[in-house]
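Chemist: using only what follows, build the 3D model:
(2 chains)
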2 protein chains.
Amino acid sequence: MPTRPAKMPLTKTAMRPYNFSAGPAVMPDAVLAQAAAEMLDWHGSGMGVMEMSHRGKEFGEIYAQAQADLRELLAVPEHFKLLFMQGGGLAENAIVPLNLSQGQTADFVVTGSWSQKSLAEARKYCTAHEAANTQAKGHTTLADPATWQLSDKPAYVHICSNETINGVEYHALPDLKALGCDAPLVVDFSSHVASRPVDWSRVGLAFGGAQKNLGPAGLTLVVVRDDLLDRTLAICPSAFSYRTVADNDSMFNTPPTYSIYIAGLVFKWLKEQGGIAAIEARNIAKAELLYNAIDSSGLFVIRVARDCRSRMNVPFYLRDESLNEAFLAGARERGLLQLKGHKSVGGMRASIYNAMPLEGVQALVNYMRDFEKTRA
Amino acid sequence: MPTRPAKMPLTKTAMRPYNFSAGPAVMPDAVLAQAAAEMLDWHGSGMGVMEMSHRGKEFGEIYAQAQADLRELLAVPEHFKLLFMQGGGLAENAIVPLNLSQGQTADFVVTGSWSQKSLAEARKYCTAHEAANTQAKGHTTLADPATWQLSDKPAYVHICSNETINGVEYHALPDLKALGCDAPLVVDFSSHVASRPVDWSRVGLAFGGAQKNLGPAGLTLVVVRDDLLDRTLAICPSAFSYRTVADNDSMFNTPPTYSIYIAGLVFKWLKEQGGIAAIEARNIAKAELLYNAIDSSGLFVIRVARDCRSRMNVPFYLRDESLNEAFLAGARERGLLQLKGHKSVGGMRASIYNAMPLEGVQALVNYMRDFEKTRA
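Modeler: Residues are numbered from 1 along each chain as shown, chains lettered A, B, ... in the order given. Just a heads-up that it's a prediction; the model follows:
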């Protein structure tokens, strides 16, 4: 296994390659090291976190700290609940309309694979209205909110604020009130949660699977405004009723305790990095480094419009696609892993989540330049 | 933190106390140690398991091995699917009727807290008929199947084969065919899965949260007969449709990858113990040791009938309940943790799952004898 560049400190963890997986994705070395050290005995309790009753005082501390740290990091106002659920974004595609649609009309802005799936699943529970769709442009742009065809009184308006596969991101959340719509905005922020601040004044509910920026797959974060807790359809499973989950501090059913613990370590790590403002600045620097390198290259190309390029997921293509396999093989040799693009769009994709250091992006950029030179 | 008795080998992990939590529960030391060692680098991949794409070849190997080992251990016939889902038993209380009831009548045998909850949740989706209820005896017995008042043609018959809170266990699964009923038997085996063999000829579907005998909370095992995959109601969320989950190898939504990996390590450990027959023999020996000690005591008492005492969850009481706190405090001093009974039934409960060694039960029995002597 190749090591990181020699200028990196030669600690044990620094030997790890750079992992550009879209999710489950790279975790901070410090988080994994602490989890390993505490695996058999958490804080002298004699138990590993996996072995603790979710009702016990030890896990109670872990849960409360994770809630408090996440609320502080994301500056979530008191009139929102933080729910730890299960099933990921695809389950939320049903759980959101079960809880918010009241069987009426909900509006969907389709900007890629994930919002398309959300719309399709919602049809089971409500009239799902397509307010906009960027399919004609291959989901390489975002539809200007001024052009959305909103319903008269939608139960909510759904967007995916960062499309993991297509690589488009809302750099600011749309302001529904400015559009004359007082419906709650539902935001699928799975793949860029905690990468930047959130303007909660524009949000009714936000949800995200943990497996990109928060922790292990199997944990789902839902942030929901208090006034939206009591719209649940009778057919909603109790374990997925926001009211039930909120009233039971996410412990109506046994929560994914170990995943919550790991997410808590990630929150602690984020605070040590300087919080969300600092991590956003780092994410901007990482994204600029990579996009600039691609834009200035003759071999690599980006298809996404400049004004909505994702800072987390960077899909790119080799102009000569016959070189794809050689590019990937060379990357693996340099310790640059999981760069193959999603099968639905092909090409390459570099996911550069919070836990990807700038040095990892620099290593990728260096490799791309070297690869281009050898093919010139 | 007190250590195990001095006769135990003084390895690092042997310093851990004995943890009698009902779930999440004690894990094998060897499993936790391996997980810790592989946290930052699984098998030279340069990635921890948490960081791997669920679509990649590394996790594909982990998943396939876990499936194969579990099928071998539980001797699951080929005409059953093994599904790895999320949400635990309480979510399955909705997911089962969403998939199997077809909005008709389903029968429930209520033998404790968990089957009671299953019945209540099913009422959202079907006519839930109570075929028997042992409430009048405080759920300290099992209803003889010959006395069940089954419906004419139920969509299925639901039992909880081990009631975690009440401590009653079916030592053999009921034979619906012998009762003249050809409906599928649905078995909630959350708290004794993998503790003994399963007679699959009597089962249509079995489900269980992982957090007692299989691995971390957040993973749910569903074993379902192929002919039951196509009865799903249209309102069932896609992520919880057995057909959808089966057709996508449990990867319609991102599965709880790390929990599957840990469960896979538990399966490997179970095979090293000699498989399910060997673990059952050990579980019988552990249960006999504890029940015999209680039955022969003047201070402690069991309320559950002899013919249906759980081998996994042993609720017991002090005849003088004013001694409860002293008993628990003394237990903690000896490194015997989480013995307090469930709040709904009070008293004590020792959960002695697969990962609890005989030495742990012996340590508890020794303590109970010593405690009784000091109070004589």
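
Chemist: contact residues of the stretch 101-250 of chain A facing chain B?
Modeler: A:121, A:124-125, A:209, A:211, A:215-219, A:234-235, A:237-240 (CB under 8 Å from any CB of the partner chain). In this view, the C-beta of every residue, glycine as well, is placed from N, C-alpha and C.

Chemist: gap between the spatially most central residue of chain A and A:Ala22?
Modeler: In chain A, the centroid-proximal residue (CA atoms, centre = their mean) is A:Ser191; its distance is 1.8 Å. The gap separating A:Ser191 from A:Ala22 is 8 Å, by CB to CB, to the nearest Å.

Chemist: list the residues that contact both of the two?
Modeler: A:Thr164, A:Lys212, A:Asn313, A:Ser351 (CB atoms under 8 Å, 6 or more residues apart in numbering or on different chains).

Chemist: returning to that earlier point: three-state assignment of the residue nearest to the centre of chain A?
Modeler: coil (DSSP: H, G, I helix; E, B strand; the rest coil).

Chemist: let me see the contact set for it.
Modeler: A:Ser191 neighbours (CB under 8 Å, 6+ apart): A:Ala22, A:Gly23, A:Asn162, A:Glu163, A:Thr164, A:Gly208, A:Lys212, A:Asn213, A:Ser310, A:Met312, A:Asn313, A:Ser351.

Chemist: one more time with 6 Å, if that's ok
Modeler: Applying CB atoms under 6 Å, 6 or more residues apart in numbering or on different chains, we find A:Ser191 in contact with A:Asn162, A:Thr164, A:Lys212, A:Met312.

Chemist: surely the last one and A:His192 touch.
Modeler: Spelled out, it's A:Met312. Yes - taking CB atoms under 6 Å as the contact criterion, A:Met312 and A:His192 are neighbours in contact, 4.7 Å apart.

Chemist: give me the common contacts of the two.
Modeler: Applying CB under 6 Å, 6+ apart, one finds that A:Met312 and A:His192 are jointly contacted by A:Asn162.

Chemist: neighbour count winner among these two?
Modeler: More neighbours surround A:Met312 than the other of A:Met312 and A:His192, with 29 against 25 (other CB atoms under 10 Å in any protein chain shown).

Chemist: next up, phi/psi of the more buried one, please.
Modeler: Backbone torsions for A:Met312, taken as degrees, to the nearest 10, come to phi -110, psi -40.

Chemist: A:Tyr18 now?
Modeler: With angles defined as degrees, to the nearest 10, A:Tyr18 sits at phi -90, psi 130.

Chemist: bridged to it, which residues?
Modeler: On the basis of DSSP bridges, A:Tyr18 is bridged to A:Leu336.

Chemist: for it, what are its contacts?
Modeler: For A:Tyr18, the contact set (CB under 6 Å, 6+ apart) comprises A:Leu336, A:Gly360, A:Ala363.

Chemist: strands along chain A, start to end?
Modeler: Assigned by DSSP state E, chain A shows strands spanning A:18-19, A:80-85, A:105-110, A:127-133, A:157-160, A:162-163, A:168-169, A:185-188, A:205-209, A:220-225, A:300-301, A:313-318, A:336-337, A:348-351.

Chemist: out of these, deepest packed?
Modeler: When the strands of chain A are scored by mean count of other CB atoms under 10 Å in any protein chain shown, the highest mean neighbour count falls to strand A:162-163 (a mean of 30).

Chemist: neighbours of A:Tyr291, how many?
Modeler: For A:Tyr291, the neighbour count with other CB under 10 Å is 18.

Chemist: ok, now A:Phe267?
Modeler: Count around A:Phe267 with other CB under 10 Å applied: 24.

Chemist: same question for A:Asp307.
Modeler: 10.

Chemist: hey, which helix is longest across chain A?
Modeler: Taking DSSP state H as the criterion, chain A has its longest helix at helix A:275-295.

Chemist: and the residues of the stretch 101-250 of chain A next to chain B, which of them are buried?
Modeler: Neighbour counting over those (16 or more other CB atoms under 10 Å in any protein chain shown) leaves A:121, A:124-125, A:209, A:211, A:215-219, A:235, A:237-240 as the buried ones.
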